[in-house]
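J.: Here is a sequence together with a model predicted from it:
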Amino acid sequence: MSTHRYADYDDEYEDDYEDTTDVLDERPRRGGAHVVSALGGLVLTPVALGLLSWGGLRQQQLVQATLSTNRDSLGIALLAGGAILLLVVAALGALSAVGPILGGLIYGVLPGVAAMAVPEWGFRLVNLMPKSDIAYGVMDILFIGGLLGVGFLLVGSGLANALVRRRREA
């Protein structure tokens, strides 16, 4: 016999509450999507920015050095490849917002803000890279604000994907 004073009464009020454990179990696990998106953002973003900066430098040198309107097919291909890779990074936001946000912050916003706030930091960042056409292209795109713009666009893409997902789940 129970010693609790309400032990003999039926627990009718417990039928009014729903069991929420099934609802919590229905939410899919997203760890794999976060990892794939994060790796894509961290690996593809610098490759894309390198291709864009190298292709842009080639185009700039061709036009400025020769004052011609000739086309550099390799430069155009590098620009197109970099743009496509950035599109892939932004599209990874459909899996998880982590990839575009990480790639945009680490390779765009932080170096861009650092270079705009203290230009010496920008030179130090570029000096960490081996001397090549890519490094000179990155320096150009860094100091004209290109990295900052691309970084904010990637972060915005990731945040937009996160907000859309949150609204759909609600």
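T.: Perfect, I can see it now.
J.: Excluding covalently adjacent residues, which one is nearest to Gly50?
T.: Ile134 (5.1 Å; Cβ to Cβ, 6 or more residues apart in numbering). The C-beta positions use only the backbone N, C-alpha and C, and glycine is treated the same way.
J.: Touching, that neighbour and Trp54? I think so.
T.: Yes - look at Ile134 against Trp54 with Cβ atoms under 8 Å: they come within range, at 4.7 Å.
J.: Could you double-check that Thr69 sits in contact with Gln59?
T.: No - between Thr69 and Gln59 there is no contact under Cβ under 8 Å: 11.1 Å.
J.: returning to what we had before: so how many other residues sit close to the residue nearest to Gly50?
T.: Residues near Ile134, counting by other Cβ atoms under 10 Å, number 18.
J.: Next up, the contacts around Gly156.
T.: Gly156 sits next to Gly104 when contact means Cβ atoms under 8 Å, 6 or more residues apart in numbering.
J.: chain center to stretch 52-59, what's the gap?
T.: 22 Å (Cα atoms, centre = their mean, to the nearest Å).
J.: mean confidence score for it?
T.: Stretch 52-59 carries an average pLDDT of 90.
J.: Would you mark the buried spots in it?
T.: Buried residues in stretch 52-59, counting neighbours by 16 or more other Cβ atoms under 10 Å, are found at 52-59.
J.: Now render these as TSV, adding distance to Tyr107 and secondary structure.
T.: Below are the buried residues of stretch 52-59 laid out as TSV (distance: Cβ to Cβ, whole Å; DSSP: H, G, I helix; E, B strand; the rest coil):
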residue	distance to Tyr107	secondary structure
Leu52	11	helix
Ser53	11	helix
Trp54	15	helix
Gly55	17	helix
Gly56	16	helix
Leu57	17	helix
Arg58	21	helix
Gln59	21	helix
